[in-house]
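> Pasting a predicted model and its sequence here:
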Amino acid sequence: MPGHDSTPGYRAAAIVLAPLLMVQGLYVRLVTPRLPEPSGARSGVCGSGPPLSLLILGDSAAAGVGVMTQDEALSGRLAAVLGSQFRVSWKLMARTGNRAKDIVSMLAAASPERFDAVVTSIGVNDVTHGTGLGAWIDQQGRIAELLRAKFQVRHVILSGVPPMHLFPALPQPLRWYLGERAKRFNGALMVFAQSCSGCEFAAPDFPREPATMATDGFHPGARAYAMWADHVGGVIRRRLRQARPASG
């Protein structure tokens, strides 16, 4: 688990703490409740107005783990937010445990479709499984390339890795270690988004109260999903407004 970071002090601390971090990582996997993905449709049409095709892509958070139904999850809340102004055709492609490399394989195997906008949630599993930062960014680039070339996506909203240093399920110092890794992943993802055509980094300001999280202390709860949807929905609306004059 330790490693994959260029900051000398952080790397040294991770090496010293490695045995404890390994034990704590195994403990968390053993005792943390494994919540199911929520029930409900994984595609649909809602709202009224100009057409908007939307893809939600990623891991267990994209899949909505932490709430009971997709209506409460990111997909349902985001479709409802955008449905106030658009006729939203939405689709969910997400699976618990997905890492960036799994998303690359998923997109490569999927049939071509067209989406105006994509919201991604990719990173927590890469942080916890020790994916190297450089490899993760390379995979983000492959994902963006596939979305543009195969799915004709114009707007890619890259959700930041959530604040893992606040996850109640993680004991210290594991919480510190994974939190620092998550921050470094987000810093690299912000830089990547600036050079990626059509991409934008989005990091909702989640409240710090544990009550906003699911019962497992690891996934978003209903309130956090609603805040996330409001944030990325605003980003999508702004980008579409800005693109409208250029498209005539």
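Okay, I see it.

> which residues does the residue nearest the centre of the chain bridge with?
Nearest to the geometric centre of the chain sits S121, at 1.4 Å (Cα atoms, centre = their mean). Beta-bridge partners recorded for S121 (DSSP bridges): G58, S159.

> For it, give me its contacts.
S121 sits next to 56-59, 61-62, 74, 94, 159 when contact means Cβ atoms under 8 Å, 6 or more residues apart in numbering. In short, each C-beta sits where N, CA and C put it, glycine included.

> same thing but at 6 Å, please
S121 makes contact with 58-59, 61-62, 159, according to Cβ atoms under 6 Å, 6 or more residues apart in numbering.

> And the furthest pair within those?
D59 and S159 (10.1 Å; Cβ to Cβ).

> any idea how far the residue nearest to the centre of the chain lies from L92?
To L92, S121 is 11 Å away according to Cβ to Cβ, to the nearest Å.

> okay, and the common contacts of those two?
With the criterion set as Cβ under 6 Å, 6+ apart, the contacts of S121 and L92 do not overlap.

> which residues of the protein fall in strands?
Under the criterion DSSP state E, strands of the chain are mapped to 43-46, 51-58, 87-94, 117-121, 155-159, 199-202.

> Give the other helices and strands that the fifth one contacts.
Here strand 155-159 is seen to pack against strand 117-121, strand 199-202, helix 222-247 when contacts are counted using 3 or more Cβ pairs under 6 Å, 6 or more residues apart in numbering; DSSP states H and E.

> Low-confidence bits of the protein, can you list those?
By pLDDT under 70, the low-scoring segments of the chain are 1-8, 245-248.

> Tell me the spacing between the residue nearest to H155 when sequence neighbours are not counted and P51.
Closest residue to H155 apart from its sequence neighbours, by Cβ to Cβ, 6 or more residues apart in numbering: A117 at 4.2 Å. Separation of A117 from P51 (Cβ to Cβ) stands at 12 Å.
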